[in-house]
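In: take a look and give me a structure for this.
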Amino acid sequence: MRSLIPAVSLLLLVACGKKETLPAPDTATAAAPATKAPEPAPAVMADTTQAEPAADTTPTANATAGDAPSTAAPDTTPTAEVAGDDLLVWTDSAGVRETLWLRGDEVVATRTEAVTFADGKLWALGERWRKVVLRPCDPETMEADPKARTTEVVLPRLVAKELGGAGELAIKDPTEGDTFDGELDASVALAGGIGGVIFATSGSSYYSCGAAHPSSDVNVGAFDLAKNEKAEIPSTDEQKAKLAEKLLADAKKNECLEEGETIEPTAPELVTLSFGNGRGIASLVASRGDLGHARQACEATAELEVPLDTALGFGPIDGRVLKVLATRPGGGAFGLATVPAALRDALLERFRAEPASFQPKP
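Out: I've put the predicted structure just below:
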């Protein structure tokens, strides 16, 4: 599929956050909470005059990319005993990622990278970088010039890194090989996540030696960390039919379908979880680049907003997610995961103490 997406610049550092109680979301802008959501927290922060909080001796990592991880002792402040699972909510806004760890309605720790839970483990989501050698084209032969000076570009791939372990899974890699004849650039982006199912996009823009014109590719999809394979997006027949209608409308607008051609019900390839103005939004996305007649290829994209609850097919969305999004400035992508009560204490310690998982672009 051919389209351009912007490259994403990331800032990934580790910091332990102070405890706070989440306010209730503004019902004028927040999405309606899903079924079985917990009771809303009070609309004001907790009264700190009733008890003296323990001093937070963990320095916050500064925002300079590439700094060494802090060697200060992790936050060992005891957390309140709360029945039920803990909740992780991560956000990615303007290239800055942060994860909040909630026990009940209390934020007990934060970490400045996206972290989720799958297969009994915590996983940090971010980029690994590699160099690709570019061989320039000979303007006369339109092939790679063996005598010309080569250049290098640094390109990302999106991975999941196990906290406290050596495990690492590749989620999205927009390019293959270590050399390329022509010009090349690429990017990856998180589009959301529910538990171990991560939604992501990758794209590349390039000119290959001998090609008639520059090109671009965008790949979208979902990846299941527990299964280490591509994940299917649950959808209903009604949603598939609506996506097909939107694809057909886009294709007709591009004037690249023969008279009478149609598009069959289409399964979504991607879910995007986004937030803005304190509201969470879920969308199903389908793209088609194989439509049209012989003289003209047709590219079409459809996006269908769906309720932020069981309509996604991954189970109910915890109502505390909406409270977090109501406190987030700006907009971006978000994800969530629950941590089972039996594992939460050991994993919380790892969440606080583990050094940064990723390095900035070299």
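
In: name the element Met348 belongs to?
Out: Actually, residue 348 is Leu rather than Met. Element membership of Leu348, judged by DSSP states H and E, is helix 344-353.

In: in that helix, what's buried?
Out: Residues of helix 344-353 classed as buried by neighbour count (16 or more other Cβ atoms under 10 Å): 344, 347-348, 350-353. Glycine gets a C-beta too; all of them are placed from N, C-alpha and C.

In: off-centre distance for that helix?
Out: Averaging C-alpha positions (Cα atoms, centre = their mean, to the nearest Å) puts helix 344-353 22 Å from its chain's average.

In: kindly report the same for stretch 268-280.
Out: 10 Å.

In: and that stretch, how far apart are its ends?
Out: 19 Å (Cα to Cα, to the nearest Å).

In: going along the chain, name the helices of this protein.
Out: With helices called from DSSP state H, the chain shows them at 237-253, 320-327, 344-353.

In: okay if I get these as CSV plus mean pLDDT and distance to Ala226?
Out: Compiled in CSV, these are given as follows (pLDDT from 0 to 100; distance: least, Cβ to Cβ, whole Å):
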stretch, mean pLDDT, distance to Ala226
helix 237-253, 91, 25
helix 320-327, 92, 21
helix 344-353, 96, 16
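
In: out of these, which gets nearest to Leu190?
Out: helix 320-327 (15.5 Å; Cβ to Cβ).

In: got a list of what the spatially most distant residue from the centre of the chain touches?
Out: Among residues of the chain, the one most distant from the C-alpha centroid is Glu140; the distance is 43.5 Å, by Cα atoms, centre = their mean. Not one residue lies near Glu140 by Cβ atoms under 8 Å, 6 or more residues apart in numbering.

In: pLDDT at it, what is it?
Out: Note on Glu140: pLDDT of 86.

In: distance of it relative to Cys209?
Out: According to Cβ to Cβ, to the nearest Å, Glu140 stands 12 Å off from Cys209.

In: about what we covered before: any idea which of the helices of the chain is most buried?
Out: Of these, the one with the most neighbours on average (mean count of other Cβ atoms under 10 Å) is helix 320-327, at a mean of 23.

In: in JSON lines, list the helices of the chain along with distance to Leu270.
Out: Below are the helices of the chain laid out as JSON lines (distance: least, Cβ to Cβ, whole Å):
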{"stretch": "helix 237-253", "distance to Leu270": "11"}
{"stretch": "helix 320-327", "distance to Leu270": "20"}
{"stretch": "helix 344-353", "distance to Leu270": "28"}
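
In: for those, which one sits closest to Gly276?
Out: Going by Cβ to Cβ, the one of the helices of the chain nearest Gly276 is helix 320-327, 8.9 Å.

In: which elements pack onto the closest one?
Out: When contacts are defined as 3 or more Cβ pairs under 8 Å, 6 or more residues apart in numbering; DSSP states H and E, helix 320-327 packs onto strand 86-93, strand 96-103, strand 279-293, strand 331-339.

In: switch to 6 Å and redo it
Out: The contact analysis (3 or more Cβ pairs under 6 Å, 6 or more residues apart in numbering; DSSP states H and E) places helix 320-327 against strand 86-93.

In: low-scoring stretches of this protein, by residue?
Out: Applying pLDDT under 70 to the chain flags the ranges 1-83, 290-297, 310-311.

In: how far away is the residue positioned nearest the centre of it from Ser202?
Out: Nearest to the geometric centre of the chain sits Leu190, at 2.4 Å (Cα atoms, centre = their mean). Leu190 sits 11 Å away from Ser202, going by Cβ to Cβ.

In: likewise Gln239?
Out: Here Gln239 is placed at a distance of 24 Å from Ser202 (Cβ to Cβ).

In: contacts for stretch 153-169?
Out: Contacts of stretch 153-169 with the rest of the structure, by Cβ atoms under 6 Å, 6 or more residues apart in numbering, involve 121-125, 127-129, 131-132, 170-173, 175, 186, 188, 200, 225, 228, 350, 354, 357, 361-362.

In: in strands, which of those residues fall?
Out: 121-125, 127-129, 131-132, 170-172, 186, 188, 200 (DSSP state E).

In: now, among those, which is nearest to Arg320?
Out: When the ones in strands among the contacts of stretch 153-169 are compared for distance to Arg320 (Cβ to Cβ), Leu122 wins out at 18.3 Å.

In: next, the closest residue to the closest one other than its chain neighbours: phi, psi?
Out: Leaving aside its chain neighbours, Leu122 sits nearest to Leu163 (4.2 Å; criterion: Cβ to Cβ, 6 or more residues apart in numbering). When read as degrees, to the nearest 10, the backbone of Leu163 gives phi -70, psi 130.
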